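next come a sequence and a model predicted from it.
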Amino acid sequence: LSDRLGNVFDRLKGRGSLNEGDVREAMREVRIALLEADVALPVVRRFVDAVTEKAIGSEVLKSVTPGQQVVKIVNDELVDMLGGEKVEGLNLNAKPPVVIMMVGLQGSGKTTTTAKLGKLLREKHGKKAMMASLDVNRPAAQEQLKILGEQVDVATLPIVPGQQPLDIARRAMESAKLQAADVLLLDTAGRLHVDEALMAEMKAINSVSTPTEVLLVVDSLTGQDAVNVAQSFTGEVPLTGVVLTRMDGDARGGAALSMRYVTGKPIKFAGTGEKLDAIEAFDPNRVAGRILGMGDVVSLVEKAATAIKEEEAEALAKKMAKGEFDLDDLRMQLKQMQNMGGLGALAGMMPGMKKAKAAMQQSGMDDKVLIHMDAIIGSMTPKERKMPKLLNAKRKKRVAAGSGTQVQEVNKVLKMHQEMAKAMKQIKKMGGLKGLGALFG
Ligand code: GDP
Ligand code: MG
């Protein structure tokens, strides 16, 4: 895609704002890219329409090319549709045992994901989990879960041969209560295709177990097909989220966009391998990059180019070359960090930033803190910003009061400034400014 878009965008270069013709032409290529990534056709249509409308007439910033501008609009919209910046974990807000029901086609990865979640709940959430297989269709399906349970050290419901799914569900609920389990994971049977018998079974299990989470497990490699599956389940059981498996394969991630569109539910996890710890929180940014066929780095650089005006970067580079770095510069950096997508996005992007980031994390900082820090520096006098040494206890108190924070937080800002100034000096020593210049130039 990048190549193809590159051509279109070269032609777009040097215009003040994106006109309808420009955008429609670019969108034809985006449409093809989405179809190639296996996004379902109705979803492609809706997406392209939404982005076209947004893009037409939007200003092309001086520091970026129209191509970058459109890529950013497309990318942002994609991230937005995939769930935005919010991380959707499991909802465990219910009276224990909290029931999580897994549904999906045969082979989609339900049983594996059940075990992965069991492990995650035990290790990361410190929860006592219990698992039960309600799959009486496939021979040895219940044994499969039992073996996985042993591997992840999560209890499974003892198997009673011949028992039917609803009775197993009831027994599982009883047993989970008796053993004071926090969470009960119900692994259900799939079919090769969605059929009425399967739906009836899922509905019945849903009504006897009243799950807090009903997770649809979908194989990301099935692309277009996944949409039909999602559609069938959506009307029948109250889905609360989606798990996309086999994201380690060469799927371009189109199924993610389709799932989100059809179910309207968050994609909560991505399965990334057969091993039982191969599960990750779903990352809209990364998947958007994958769908568009652009690396994460490319989009970061584009964000940086958008965020940093060239003159500012140059002025900062000069200061840094001299080993000067005051609180005004820190404040500017913080603003840019926010524009670029926060602390996480910056990791490893700039030399010297890694150190500063480590220092920030050590002092317990996250993105919300960026806003506080800005307020703190804003409450200092220009003189104090140039000479942080001036900030004695009395002045710190004033700054804290002025910014609605605590002296401790003011101290953290000062510590961070020191760390960064130190890092900058080191960059200077290594003569590493060239790398920075290339990134922001
Ligand atoms: P079920 O029929 O829905 O219960 O599917 P299973 O859990 O039995 O999984 C079917 C196959 O897919 C097994 O061989 C799993 O190891 C494999 N599998 C499940 N999730 C993933 C994944 O995220 N990545 C890869 N590579 N394989 C997976
Ligand atoms: Mg299974």
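Received, thanks. Ligands and ions are numbered 1, 2, ... in the order given.

what comes up buried for the helix or strand Arg28 falls within?
The secondary structure element spanning Arg28 is helix 20-36 (assigned by DSSP states H and E). Neighbour-count burial for helix 20-36, counted by 16 or more other C-beta atoms under 10 Å, picks out Asp22, Val23, Ala26, Met27, Glu29, Val30, Arg31, Ala33, Leu34. To be clear about C-beta, it is placed using only N, CA and C from the backbone, and glycine gets the same treatment.

which is the next helix or strand following that helix?
Per DSSP H and E, helix 20-36 leads on to helix 41-55 as the next helix or strand towards the C-terminus.

list the buried residues for that next one?
Residues of helix 41-55 classed as buried: Val43, Val44, Phe47, Val48, Val51, Thr52, Ala55 (neighbour count, 16+ other C-beta under 10 Å).

quick check: closest non-adjacent residue to the second one.
Using C-beta to C-beta, 6 or more residues apart in numbering and skipping residues adjacent in sequence, the residue nearest Val44 is Leu34, 4.6 Å away.

apart from its chain neighbours, what residue comes closest to the residue of the stretch 151-300 of the chain found nearest ligand 2?
Scanning the stretch 151-300 of the chain for the residue nearest ligand 2 gives Asp187, at 6.0 Å (criterion: C-beta to the ion). If you skip the residues right next to it in sequence, Asp187 has Thr114 as its closest partner in space, 4.2 Å away by C-beta to C-beta, 6+ apart.

picking up where we left off before, phi and psi next, for the residue of the stretch 151-300 of the chain closest to ligand 2.
Here the main-chain torsion angles of Asp187 (degrees, to the nearest 10) amount to phi -90, psi 120.

switch to numbering from 4
OK, 4 is where the count begins now, so the last one is Asp190.

tell me what it is bridged to.
Listed by DSSP bridges, the beta-bridge partners for Asp190 are Met105, Ser136.

I'd like the average pLDDT over the host helix or strand of Glu153.
Assigned by DSSP H and E, Glu153 belongs to helix 144-155. Across helix 144-155, the average pLDDT comes to 97.

so the residue nearest to Val47 touches Arg49, yeah?
No. Contact criterion C-beta atoms under 8 Å: Leu37 and Arg49 do not qualify, at 10.7 Å.

what is the neighbour count of Val186?
By the measure other C-beta atoms under 10 Å, the count of residues near Val186 is 26.

gap between it and Ala284?
Shown here: Val186 relative to Ala284, a distance of 17 Å by C-beta to C-beta, to the nearest Å.

ditto for Val230
On the measure of C-beta to C-beta, Val230 and Ala284 end up 23 Å apart.

these two: which has the busier surroundings?
Taking neighbours as other C-beta under 10 Å, Val230 and Ala284 compare with Val230 leading, 24 against 12.

chain neighbours aside, what residue packs nearest to that one?
Leaving out its chain neighbours, the residue that sits closest to Val230 by C-beta to C-beta, 6+ apart is Ala43, at 4.2 Å.

what is the neighbour count of the one you found?
Applying the criterion other C-beta under 10 Å, we find 25 residues in the vicinity of Ala43.

any buried residues in the helix or strand hosting Ala175, and which?
In the assignment (DSSP H and E), Ala175 maps to helix 168-181. Neighbour-count burial for helix 168-181, with 16+ other C-beta under 10 Å as criterion, is recorded at Pro168, Ile171, Ala172, Ala175, Met176, Ser178, Ala179.

what's the answer for stretch 332-342, then?
Asp332, Leu333, Arg334, Met335, Gln336, Leu337, Gln339, Met340.

what's the closest of those to ligand 1?
Met340 (33.1 Å; C-beta to the nearest ligand atom).

please, where are all the helices along the stretch 304-444 of the chain?
313-324, 330-342, 345-349, 356-365, 370-381, 385-389, 396-406, 410-433, 436-443 (DSSP state H, counting those that start in this stretch).

any idea which of those helices has the lowest pLDDT on average?
helix 436-443 (a mean of 43).

do you know how far the residue nearest the centre of the chain is from Phe272?
Centrality entry for the chain: nearest residue to the mean C-alpha point is Asp286, 2.5 Å, by C-alpha atoms, centre = their mean. Per C-beta to C-beta, Asp286 is found 10 Å from Phe272.
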